[in-house]
Structures are given as C-alpha cells and as structure tokens.
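[1] Please work out how this folds:
(one chain, ligands or ions: 1)
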Amino acid sequence: MPRRKLVAGNWKMNTTRAEAVALAQGVAAGVGASPKCDVAVIPPFVWLDPVAAALKGTAVQLGAQDVYTEPKGAFTGEISPAMLLEVGCQYALVGHSERRHVIGETDAATNHKVHAALEAGLHVILCIGETLAERERNLQERVFQRQVYAACAGLTDEQFGRLTLAYEPVWAIGTGKVATPELAQEAHKNIRARMALLYGDNIAGALPILYGGSLTGDSAPGLFAQPDIDGGLVGGASLKADSFLKIVAAAG
Ligand code: PEP
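    Numbers count the residues shown, from 1 in each chain. Just a heads-up that it's a prediction; the model follows:
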C-alpha cells in the first residue's frame with residue numbers, strides 16, 4: 001500500500017493565544033475538507049485547547065510537542081498522554097533534537113515516552129538525526145541505528161502502525177541549510193533499511209519517514225518527490241499559514 005504523506009507544523013515556543021487560533025484557522029481554511037495528504041499542527045501545550053476548538057470539524061489534526069511517561073501523579077510541569085488525548089491531540093512529538101540537545105533528553109527517555117504515548121492510543125512522530133559534528137565524522141548511520149534501536153525497543157506490530165519517523169539533520173534545523181533531495185533520500189533509504197533489518201520488511205515498508213530541517217515551499221517539491229520521503233516536519237515555515245500551505249500543496 002502506498003504510504004500517505006503527512007505535513008506537520010511544529011510551532012515550538014511561538015505564538016500568542018490569538019496568533020495560534022488565527023494560524024490554525026488559516027491553515028484549516030487553506031487545507032479544505034479533503035486534503036491529499038494528512039496535515040497536523042503542533043502548538044505549545046497552553047494553546048492546545050483553543051487550537052483544538054478552532055480545528056473542530058476541519059481536516060487538520062492536532063499534535064503536542066512532547067509527552068510524559070506516566071499517566072498521572074506527582075510530576076510537576078509534565079503532561080500525560082491521557083491529558084493530550086482529552087484536549088484533542090492525535091499526535092505526540094517525541095525526541096525532537098531541541099529536547100535531545102538543548103534539554104538533555106536521553107535515548108532511554110525517548111523510548112519510555114514512545115511507549116507511554118502509543119499505549120495510550122496516540123500516534124507518535126519520533127525525531128532522529130545527526131549533528132553537524134557527527135556528519136563531518138560520517139557517523140550518521142550509527143546515529144540512526146542507535147536512536148531508532150533505543151526508541152523503538154519493545155514496540156508491538158500494532159504500535160509500529162501508529163509510529164512516524166522524522167529525519168531531521170540537526171545541522172539543517174532552523175539554519176536555512178536544507179538537505180538536498182539526494183542527500184535526504186539517501187538518509188531516508190538508509191533509515192528504512194535499518195528498520196527492515198531490526199523489525200522486518202513489512203514494518204519498514206509501511207513506516208512513514210518525514211524530512212525536517214529548514215523546509216520551505218521552494219524545497220518541498222524536490223524533497224517530496226523522493227521515494228522514501230513521506231512528507232515533512234516543518235518549524236519556521238509553519239508559523240505563517242501561506243508558507244505552510246505551500247509545503248502542504250507540494251505533498252498533494
Ligand atoms: C523542526 O524543528 O522540527 C524544524 C524542522 O525546524 P525548521 O523547519 O525551522 O528547520
């Protein structure tokens with residue numbers, strides 16, 4: 001079965017409440033009732049509720065930028081998978097490079113988060129990717145292996161069906177340095193081959209792998225034309241409806 005593309009906008013720690021609602025409304029209006037790909041927006045936690053209300057009855061789905069491992073309890077500052085479901089999220093982002101490299105999240109923590117989110121019924125977008133120093137030492141394939149092996153350990157076949165990977169070379173995130181279609185395709189093909197070795201051809205063949213890293217309306221068509229690139233995770237260009245919609249149009 002062909003893999004359906006997904007374009008997801010990670011708003012990071014941006015937008016006021018009013019901007020978030022207006023952006024969600026603009027994306028929903030531009031996407032229409034039956035888009036050719038899946039579309040999701042991922043606002044800050046505090047705007048999930050008003051954005052969910054703005055998206056009600058539209059084709060745009062909702063995601064959270066992170067999730068905690070426990071269902072409830074004394075975990076000050078954290079948000080559980082059940083809370084995300086109750087507010088209307090379908091997706092949780094796990095292991096974003098800013099969480100790994102700025103906040104210090106470990107591979108083991110990403111594994112616990114992936115499990116908690118999938119067990120609760122969410123879809124997970126798991127981010128992986130090498131730093132510039134790792135690419136300069138040609139270590140990217142080892143990094144993919146380590147990150148996917150650690151994060152996916154113990155998942156069932158059914159849970160793999162709700163997992164999406166996002167390949168985000170850290171040197172391309174927010175830097176304006178987008179990977180070329182050829183380089184990104186090589187990385188995606190490699191990641192899929194590694195998933196096939198670890199978890200079998202069926203899981204690897206069905207797994208959507210998004211590209212992320214300075215994606216724009218100009219670079220998206222070339223990247224999305226590659227056989228192993230199944231859409232995009234978009235940061236900066238998702239903060240304006242028109243630039244995000246250009247990327248969505250490239251996935252149609
Ligand atoms: C991201 O952080 O997920 C991302 C891809 O950011 P940007 O598009 O701004 O590089």
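[2] For the rest of this, base every contact and every neighbour count on C-alpha atoms.
    Fine.
[3] For stretch 122-135, measure first residue to last.
    32 Å (CA to CA, to the nearest Å).
[4] Please apply the same query to stretch 206-220.
    This stretch, stretch 206-220, spans 21 Å end to end (CA to CA).
[5] same deal with stretch 3-14?
    In stretch 3-14, first residue to last residue: 31 Å (CA to CA).
[6] what's the answer for stretch 126-136, then?
    Stretch 126-136: ends 24 Å apart by CA to CA.
[7] Can you give me the neighbour number for whichever residue of the stretch 1-150 of the chain sits closest to the ligand?
    With CA to the nearest ligand atom as the measure, Asn10 is the residue of the stretch 1-150 of the chain nearest to the ligand, at 5.8 Å. For Asn10, the count of nearby residues is 23 (other CA atoms under 10 Å).
[8] For it, list each beta-bridge partner.
    Ile42 (DSSP bridges).
[9] Could you pull up the contacting residues of Ala250?
    By CA atoms under 8 Å, 6 or more residues apart in numbering, the contact set of Ala250 is 217, 220-221, 224.
[10] Reformat these as TSV; add pLDDT.
    Putting the contacts of Ala250 into TSV (pLDDT from 0 to 100) gives the following:
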residue	pLDDT
Gly217	97
Ala220	98
Pro221	98
Phe224	98
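[11] farthest-separated two in those?
    Distance extremes for these: the farthest pair is Gly217 and Phe224 at 10.9 Å, using CA to CA.
[12] Name the residues of the stretch 1-150 of the chain found near the ligand, please.
    Asn10 (CA under 6 Å from any ligand atom).
[13] the helices in the chain, which residues?
    Secondary structure of the chain by DSSP state H: the helices cover 17-31, 48-55, 81-87, 97-101, 107-120, 132-136, 140-152, 157-160, 181-199, 201-206, 220-224, 241-250.
[14] Tabulate the ones you listed (JSON lines), appending distance to Arg4.
    Below are the helices of the chain laid out as JSON lines (distance: least, CA to CA, whole Å):
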{"stretch": "helix 17-31", "distance to Arg4": "16"}
{"stretch": "helix 48-55", "distance to Arg4": "21"}
{"stretch": "helix 81-87", "distance to Arg4": "23"}
{"stretch": "helix 97-101", "distance to Arg4": "24"}
{"stretch": "helix 107-120", "distance to Arg4": "20"}
{"stretch": "helix 132-136", "distance to Arg4": "29"}
{"stretch": "helix 140-152", "distance to Arg4": "21"}
{"stretch": "helix 157-160", "distance to Arg4": "15"}
{"stretch": "helix 181-199", "distance to Arg4": "16"}
{"stretch": "helix 201-206", "distance to Arg4": "10"}
{"stretch": "helix 220-224", "distance to Arg4": "12"}
{"stretch": "helix 241-250", "distance to Arg4": "13"}
